[in-house]
Structures are given as structure tokens and as C-alpha cells.
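**Q** Give the three-dimensional model of this entry:
(one chain, ligands or ions: 2)
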Amino acid sequence: MSGNFIHTFIDEDIAEGGAYYGKKVHTRFPPEPNGYLHIGHAKAIFVDFGTAEKYGGLCNLRMDDTNPTKEDVEYVDAIKEDIRWLGFDWGDRFYYASDYFEQMYDCAVELIKKGLAYVCELSGEQMREYRGDISTPAKSPYRDRPVEESLDLFQRMRNGEFEDGKMTLRAKIDLASGNFNMRDPVIYRINHMAHHRTGTKWCIYPMYDFAHPIEDVIEGITHSLCTLEFEAHRPLYDWVVENISAECRPRQIEFARLGINNTVMSKRKLRALVEENYVSGWDDPRMPTICGLRRRGYTPKAIRSFTDQIGVSKVNSTVEYGFLEHCLRDDLNETAARAMAVLDPVKLVITNYPEDKTEVFEVENHPNHPEMGVREVTFSRELYIESTDFMEEPIKKYQRLYPGNEVRIKSAYIVKCTGCKKDESGRVTEVYAEYDPATRGGNTPDGRKVRGTIHWVNAADCIDAELRLYDNLFTDPEPDTGDKNFLDFLNPESLVIKTGCKLEKSLLDAKPDDRFQFMRQGYFCLDKDSSQDKPVFNRSVSLKDSFKRS
Ligand code: ATP
Ligand code: MG
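**A** Ligands and ions are numbered 1, 2, ... in the order given. So this is what the prediction gives:
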């Protein structure tokens, strides 16, 4: 991971000694287990785990589950799988924030006893009404309630004596603060709702701003890295750490969230796409989720390179989707094995090639990596080629097959087109050509120029496959800004399913983790919907780079 302002801060802390003296840098990644991780989380993971890695420190994985929702173990397991896949390990430091409820309660009691918190009976509506503005302080008639009374009421809140919304516990900080987060923020609320881990044990739950610093303190976190929206909450974070009995002083540092255009990134919206069946699941290859990107064919390396290159800053910005694709292409160009696949097949008959003959060509799997070996490609009289590689009447500059023109059949021979056959509707059903036996391997011994090279497969032993081509999930670059409804901008062409595609037979051995470059068509990987007799491949990314560095 390259250097960034977070590292500068940490370097300063280490140089200063003080609170961090002798302590290893210790960070945490705290997802709320209410959805699958997305590429934005990947950035946070690289920041949190990557920073710990850089300093030889530790990073905890913590489920931030202080909200009593119906979180699912499905999410917890998926989160772990995704982080491991990205290449990070939390060792034995896997925690649930809900395991700290008792300690959080104790901290609240401690604050009440210190005169730093009180039970307030203003309703939500009244609280908004009494919030004040820049020139008017907030107010609460309960602020000076005796400590004993607050202690008693807080205990009874816990006991379940009051209904939701009847009371809150508020930190007593500064009703006139210019930072509204400091105007006696609510730190506990009543919520009679079962929690996925603690069941009905609790009916009061801590607010995030109170819970998070306590979680960090309990785990001995030195640097609590979070996104920019928490910047204005930092004084409250520090206030909590200052005023509870804490053995360490974690420092909160904020960095910019990652946004990518033509997609949405909030879990709530991603969940809507899944639950309302706009996509096939959290791992639909069009989703910006880690599991979606994985199924699409993304590699951890490509994602790491992406987050590394966009960097860590203090300014929120939106990155082009094309840049993510650019990073994938960069990786796959080096690592993907080459192969041939025909998406819109038409038969090419080499009329002067013997009917009973088959030749085997050894073709290298990668032009620059001989260590990736060779594969056998069979050739015979009947091949499949792309229907767009033949034009009976060529347009200008067309260099592929048309009557009288010579073309290179990749790695095999030069052929000269002689004509075609059409059905009643005028559709071309077969293309004819003659090969030049002297051009074996696709070379021209006499040095004559052959401009076009086309890919092909052998009709006799190719395999039938389904290919899935993807495009942006949304047509609008910013589908969820302002008062737009992101569902209005779903791209109807985000998934194009091509059936009856013809693949060279070596692809029968493709494994789920293999990556291929199908010549002239893009990078592909096997999809989990594949079966032995019906392979399905996803196009991870096309070959053409749309990304322009500005
Ligand atoms: P969402 O808006 O997607 O629901 P969240 O912030 O509620 O996101 P959490 O599970 O709370 O999701 O996030 C866990 C961590 O990941 C937090 O530290 C959060 O700051 C970080 N994170 C979430 N989204 C992004 C993003 N787009 N870019 C960078 N970091 C992110
Ligand atoms: Mg959240």
C-alpha cells in the first residue's frame, strides 16, 4: 500500500510516543452485518487491514451489530469469506459489538454517576423542537435531574418498564455547541426489539456514536479509521473516550468514501435490487458487491490495484466504472490464458481441404508467457467463425472475409473466400473458402500481406456454451443522487445472454478460478451456473479500454 495522509498521522503518533508508545498499530474493520460487502468496503478493508500490515500491527474484524435488526448469519459468513478472498486475515480477533452491551451499559452508568449523562423524557418530536439553531442553544427540562433519579430511571429503562420513545439517556455536554452532535446527544434509546444475538435480553440499545468508541477502547484499538461522514462526530468520539474509564486513547481518522458511477453502493439499495429481483442475487455479476465482482471474474489483485491507485484522501469523489475495468484488464492481460470462442457462429467450409483430415496445432496459452504452456487446437474442413467476419459485399476498409479476399485463420492457415450459401430469407448459412497449404501456422512464405486475422473453432469437436455479456447496471452515471429513484435508471441491456456459442474444446477443462481471454471478445470466466454438458461463461470485461486518464 502506498503512503497516504493516514500513515503520516500514524508516523506522527509513533514519533510523539505518548498514548501510542510501545503499542502496536491496531485497527479494526467494523461492518454492520446487514448486507454483503461492496467495493466501497473493499477500500475500507484495504485501508484498515493494509495500514495494520504496513506497520506490522493488527486489525480486528468486528461485526458492528448494536442495532437490533434481524441480521443474518448468512451475512456474517459472507463478510468473512470476502475479506479472506481479498487476502486479509484477522487471526483470532473476530468480535461482535453486541458482546459488549454489558460494558456499554456500565459506561453509561459511570457517566450518570459523574453527572455527565441524564435520562430525558422529551419525545423525538420535542427534542427536534428544542434543538435550537446556531444562535439558540438547545434545551431540555430534564438536564438537571438528580443523579439518583437518572440512575433509577436508566435501570428501569433497562428493565423494560417504559415503552419505545418514552425516554432516552443523553450525554450532558454542551447545549450551545456549534457542533450539534455535542448538544447533549442521545446515547441510549428504548427499543423493544429482539436482537439477532442477544435475543430479548435488552430493550435499550446504545447509539452508534456512544458504542463505537467503547468498542474501540475495549479492543485496544489505536487508530479508528472511518469514513468522512464521521468527521463531525469526532469530538463526541473523543468526549466518550475521555470520560469513561479507558485504558487506551484510540484516535479516529476519517477518509473519503469511495463512489463509483453507474452503480449504487448503499447496502439498502443493493438489498432492494436483490429482494425485488432486479438481479439474481447478491452475487449477480453486475453487482458492485465483492461476491458479485468475484463471480464476474475480478481478481483480488485487480481490486487491490484499483483501491491503491484511487488512493486515500479527505475529499469524496466518484470514480469511473471504467477505471475499475481498466484495473481488471491490466491484471488479466498478464495472467489470463488465451482461447478462442465464437459468439455468433456461422460455418466456414474450406472446400479444398480433405474431408477426413484433422490437424492438430500447438498454440501457446499466452503470447508473452511461455511458462503458461501450449494447448492443442484441432483444425479440419469445417469451422465456425463469427458471422460478422464475413460480408458478401464488404463495406469500406473491411478486411475480413469477402469473396476474393484472403484472411488469416488464427494460428492455422491463410484462406481465400470464394462465396457463401444463403437461405430463403437471404441469411448467410455457410461461407466458403480455399486454404493455401503453404501457409501452415498462418505464415506467408512469400511475404504477401494478409491484413485480417480471425478466430475460429473446429466444428467437429467444439463445445456449445452460453456466454453472458454484462454492461452497467444503471444508465445514469449517478442514479441515486438528489431525488432520483435509482430504479428508474436500470439498464435493460445490462445482461445479454448468448446461447449456442461455440468454444474450442480445451475449454471443457476450465476450472472455476481460471481466467481466459477469448480472442477479440474479452476476458471470460466460468460461471457457477455451468454444468458439464452446458458450460456458462461470464464476460468479466471487454478488451476495449474505455478509460481515459484525464
Ligand atoms: P452502506 O452505506 O453501504 O450501508 P455503511 O457505512 O453503513 O455502508 P458498514 O457496514 O457500516 O456500512 O461499513 C463498514 C465500514 O466500511 C465502515 O468503516 C465504513 O466507513 C466503510 N465503508 C462503507 N462504505 C464505504 C465506501 N463506499 N467507501 C469506503 N468505505 C466504506
Ligand atoms: Mg452502517
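
**Q** who are the neighbours in contact with residue 262?
**A** Going by Cβ atoms under 8 Å, 6 or more residues apart in numbering, residue 262 touches 321, 472, 473, 474, 475, 476, 477, 479. Backbone N, C-alpha and C define where each C-beta goes, glycine included.

**Q** Filter those residues down to just the buried residues.
**A** Buried subset of those (neighbour count, 16 or more other Cβ atoms under 10 Å): 321, 472, 473, 474, 476, 479.

**Q** I'd like to know how far the residue nearest to the fourth one when sequence neighbours are not counted sits from residue 261.
**A** Put plainly, it is residue 474. Take residue 474 and drop its neighbours on the chain: the residue closest to it by Cβ to Cβ, 6 or more residues apart in numbering is residue 489, 4.5 Å away. Look at residue 489 and residue 261: by Cβ to Cβ, to the nearest Å, they are 11 Å apart.

**Q** same deal with residue 137?
**A** For residue 137, the distance to residue 261 - Cβ to Cβ - is 42 Å.

**Q** again with residue 347
**A** Distance, residue 347 to residue 261, using Cβ to Cβ: 42 Å.

**Q** sec struct for residue 215, please.
**A** Secondary structure for residue 215, judged by DSSP: H, G, I helix; E, B strand; the rest coil, is helix.

**Q** Okay, and whichever residue of the chain sits closest to ligand 1 sits in which element?
**A** Going by Cβ to the nearest ligand atom, ligand 1 is nearest to residue 40 of the chain, at 2.2 Å. Applying DSSP states H and E as the criterion places residue 40 in helix 39-54.

**Q** angle of the next helix-or-strand element following that helix against helix 39-54?
**A** Going down the chain from helix 39-54, the next helix or strand is strand 58-63, by DSSP H and E. Angle, strand 58-63 to helix 39-54, by axes from the mean of the first three to the mean of the last three Cα atoms, to 10 degrees: 150 degrees.

**Q** ok, back up a step: outside of the helix holding residue 40 itself, list whatever touches it.
**A** With Cβ under 8 Å, 6+ apart as the test, helix 39-54 has contacts from 1, 6-7, 10, 25-29, 31, 37, 57-59, 83, 86, 88, 223, 225, 227, 255, 257-260, 265, 288-290, 293, 303-304, 306-308, 310, 312, 324.

**Q** what's near enough to touch residue 78?
**A** 36, 37, 282, 291.

**Q** cutoff 10 Å now
**A** Residues near residue 78 by Cβ atoms under 10 Å, 6 or more residues apart in numbering: 33, 35, 36, 37, 72, 282, 283, 289, 290, 291.

**Q** my guess is residue 120 contacts residue 168, does it?
**A** Yes. Residue 120 is within contact range of residue 168, at 5.3 Å (criterion: Cβ atoms under 10 Å).

**Q** Now do the shared contacts for the two.
**A** Applying Cβ under 10 Å, 6+ apart, one finds that residue 120 and residue 168 are jointly contacted by 127, 140, 142, 184, 186.

**Q** From residue 273, how far off is the closest residue in space to residue 65 that isn't next to it in sequence?
**A** Leaving out its chain neighbours, the residue that sits closest to residue 65 by Cβ to Cβ, 6+ apart is residue 98, at 4.8 Å. In this view, residue 98 and residue 273 are 28 Å apart by Cβ to Cβ.

**Q** try residue 142
**A** Using Cβ to Cβ, residue 142 is found at 44 Å from residue 273.

**Q** Then residue 497?
**A** For residue 497, the distance to residue 273 (Cβ to Cβ) stands at 19 Å.

**Q** Looking at these two, which is more packed in?
**A** The neighbour comparison of residue 497 against residue 273 (other Cβ atoms under 10 Å) goes to residue 273, with 22 against 9.

**Q** Now do that one against residue 287, distance only.
**A** Between residue 273 and residue 287 the distance is 7 Å, computed by Cβ to Cβ.

**Q** for residue 169, same thing?
**A** Going from residue 169 to residue 287 by Cβ to Cβ gives 39 Å.

**Q** Could you do residue 67 as well?
**A** To residue 287, residue 67 is 23 Å away according to Cβ to Cβ.

**Q** Helix or strand for residue 418, just tell me which one.
**A** Per DSSP H and E: residue 418 is located in strand 413-422.

**Q** Quick check: buried residues in that strand?
**A** Neighbour counts over strand 413-422 (16+ other Cβ under 10 Å) mark 413, 414, 415, 416, 417, 418, 420 as buried.

**Q** Over to stretch 185-201?
**A** Buried residues in stretch 185-201, defined by neighbour count with 16+ other Cβ under 10 Å: 185, 186, 187, 188, 189, 190, 195, 196, 197, 198.

**Q** Need the three-state assignment for the closest residue to the last one other than its chain neighbours.
**A** Excluding the flanking residues, the one nearest residue 198 by Cβ to Cβ, 6+ apart is residue 98, at 5.5 Å. On the three-state scheme (three-state DSSP), residue 98 is labelled helix.

**Q** which bits of this protein sit near ligand 1?
**A** For the chain, the residues in contact with ligand 1 (Cβ under 6 Å from any ligand atom) are 30-32, 40-41, 43-44, 64, 226-227, 257-258, 265-267.

**Q** go again using 5 Å as the cut-off
**A** Contact residues, the chain versus ligand 1 (Cβ under 5 Å from any ligand atom): 31, 32, 40, 41, 43, 44, 226, 227, 257, 258, 266, 267.

**Q** Could I have the buried ones of the residues you listed as PyMOL selection syntax?
**A** Filtering the residues of the chain next to ligand 1 down to the buried ones (16+ other Cβ under 10 Å) takes a single PyMOL command:
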select buried, resi 31+32+40+41+43+44+226+227+257+258+267
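
**Q** Make a markdown table out of the residues of the chain next to ligand 1 and add pLDDT and distance to residue 440.
**A** Shown next, in a markdown table, are those (pLDDT from 0 to 100; distance: Cβ to Cβ, whole Å):
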| residue | pLDDT | distance to residue 440 |
| --- | --- | --- |
| 31 | 97 | 58 |
| 32 | 94 | 62 |
| 40 | 96 | 53 |
| 41 | 98 | 53 |
| 43 | 96 | 51 |
| 44 | 97 | 55 |
| 226 | 97 | 63 |
| 227 | 96 | 60 |
| 257 | 95 | 57 |
| 258 | 95 | 52 |
| 266 | 92 | 58 |
| 267 | 93 | 57 |
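
**Q** Just give me the closest of the residues of the chain next to ligand 1 to residue 113.
**A** The closest of those to residue 113 turns out to be residue 226 (Cβ to Cβ; 29.3 Å).

**Q** what's the nearest residue to that closest one once chain neighbours are set aside in contact with, if anything?
**A** Among residues not flanking residue 226 along the chain, residue 254 sits closest, at 5.7 Å (Cβ to Cβ, 6+ apart). Residues near residue 254 by Cβ under 10 Å, 6+ apart: 6, 224-234, 314.

**Q** cool, residue 188 as well?
**A** Neighbour list for residue 188: 104-105, 108, 117, 119, 154, 157-158, 167-171, 204-207, 210-211 [criterion: Cβ under 10 Å, 6+ apart].

**Q** Run the chain-centre distance for stretch 223-239.
**A** Stretch 223-239 sits 24 Å away from the centroid of its parent chain (Cα atoms, centre = their mean, to the nearest Å).

**Q** swap in stretch 535-549?
**A** With Cα atoms, centre = their mean, you get 16 Å for stretch 535-549.

**Q** buried ones in that stretch?
**A** Using 16+ other Cβ under 10 Å as the burial criterion, the residues of stretch 535-549 that qualify are 535, 536, 537, 538, 539, 540, 541, 542.
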